[in-house]
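*Asks:* Return atomic coordinates for the entry below.
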Amino acid sequence: MLKKTFTILVITLLSASIIAFLSGCPNSSGNGDEEDASGSDTEASVATEESARDTMETADEDANGSSDRVPAVTDDRVRTAEEPLMDPARPADGVEEVPMDTVVLLADLVSGDNVIPLKDDMTIAASETLKVRFSLVNNTDEVKTYVFPTGQKTEIYCLDDSGNEVYRWSAGLRFSQPLNTLEVQPHDTWSHEITVNVGDGDFMLAYGTYKIVAELVGTPTVSATASGVSIAPPA
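*Replies:* Numbers count the residues shown, from 1 in each chain. Here you go, the predicted structure:
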């Protein structure tokens, strides 16, 4: 009886030791799941931070313009493109005298009430501004079409005695980019004015004597040219 009791006690103690041992051992399956979960949480946190950073950078690029975008023009010297057409536009002098079956560009220089057709060896006095009035006369029986790569339709530039360009009206100007056309009906006239700033500053025409070219800048190009044109200060 004593031997049987001793055997039962030993078995009980061994069982308890085994259970205690097994309870204290790391559970490879459970810890692996916890590690995987911890790793997943860490990766998710890093991904979230990177996503938030990318979102902020994208927002900054949208607000300020990304590096591959053309920066906005902020030059104070950029002026409005061509002045609106006069309504109705006053034609240049000499429209009625254009011969039949011809297409001619006429130009007047206008200073106050003084209007002088662009011609060789002329003189006009101007204080701060000088207007140039263009008239494209189509005295034919056909519609004439002109194609322009931008919103600019007219130009004027000046050359000194050595043939160097010293002034161009479009310098410093921006124009709308869409391709556009101008149609002049048979025996009709299209007229337009631009303003030239006169003086010694940037993008201004200095007083002096020049060869002046006024032109329609479309395709085909039509121009009017005069030499020995004197721009003088007011008396």
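*Asks:* If you count contacts, what does the host helix or strand of W190 end up packed against?
*Replies:* For W190, the host element (DSSP states H and E) is strand 188-197. Strand 188-197 makes packing contacts with strand 129-139, strand 154-159 when contacts are defined by 3 or more Cβ pairs under 8 Å, 6 or more residues apart in numbering; DSSP states H and E. Placement of C-beta: from N, CA and C, glycine included.
*Asks:* Need the CA coordinates for it. PDB is fine.
*Replies:* Taking C-alpha atoms only, strand 188-197 is exported to PDB below (Å, rounded to 0.1, in the frame of the first residue of the first chain):
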ATOM      1  CA  ASP A 188     -12.900  96.500 -97.100                       C
ATOM      2  CA  THR A 189     -10.500  97.900 -94.500                       C
ATOM      3  CA  TRP A 190      -9.300  96.600 -91.100                       C
ATOM      4  CA  SER A 191      -7.900  99.300 -88.800                       C
ATOM      5  CA  HIS A 192      -6.100  99.200 -85.500                       C
ATOM      6  CA  GLU A 193      -4.000 101.400 -83.200                       C
ATOM      7  CA  ILE A 194      -1.100 100.800 -80.800                       C
ATOM      8  CA  THR A 195       0.600 103.100 -78.400                       C
ATOM      9  CA  VAL A 196       4.400 103.800 -78.400                       C
ATOM     10  CA  ASN A 197       5.800 105.200 -75.100                       C
END
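*Asks:* Let me know the angle separating that strand from strand 154-159.
*Replies:* 50 degrees (axes from the mean of the first three to the mean of the last three Cα atoms, to 10 degrees).
*Asks:* Quick check: next helix or strand after strand 188-197?
*Replies:* Heading C-terminal from strand 188-197, the first helix or strand you meet, by DSSP H and E, is strand 208-216.
*Asks:* Name the residues that touch that following strand?
*Replies:* Contacts with strand 208-216, where a contact means Cβ atoms under 8 Å, 6 or more residues apart in numbering, come from 105, 107, 118, 132, 134, 136, 146, 153-161, 163, 166-167, 221-231.
*Asks:* Taking their axis directions, the helix or strand just after it and strand 188-197 sit at what angle?
*Replies:* Note on strand 208-216: by DSSP H and E, the next helix or strand toward the C-terminus is strand 222-232. Orientation check (the same axes, to 10 degrees): strand 222-232 against strand 188-197 gives 30 degrees.
*Asks:* Pull up the pairing partners for strand 222-232, direction included.
*Replies:* Looking at strand 222-232 with DSSP bridges, its partner strands are strand 123-125 (parallel), strand 208-216 (antiparallel).
*Asks:* and it, C-alpha only, in CSV?
*Replies:* Presented in CSV, the C-alpha positions along strand 222-232 are these (Å, rounded to 0.1, in the frame of the first residue of the first chain):
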residue,chain,number,x,y,z
VAL,A,222,2.3,93.2,-95.1
SER,A,223,4.3,96.2,-94.2
ALA,A,224,4.8,100.0,-94.6
THR,A,225,8.3,101.5,-94.4
ALA,A,226,9.6,105.1,-94.1
SER,A,227,13.1,106.5,-93.7
GLY,A,228,14.3,109.7,-92.1
VAL,A,229,11.4,109.8,-89.7
SER,A,230,12.2,112.3,-86.9
ILE,A,231,10.5,111.9,-83.5
ALA,A,232,11.0,115.2,-81.7
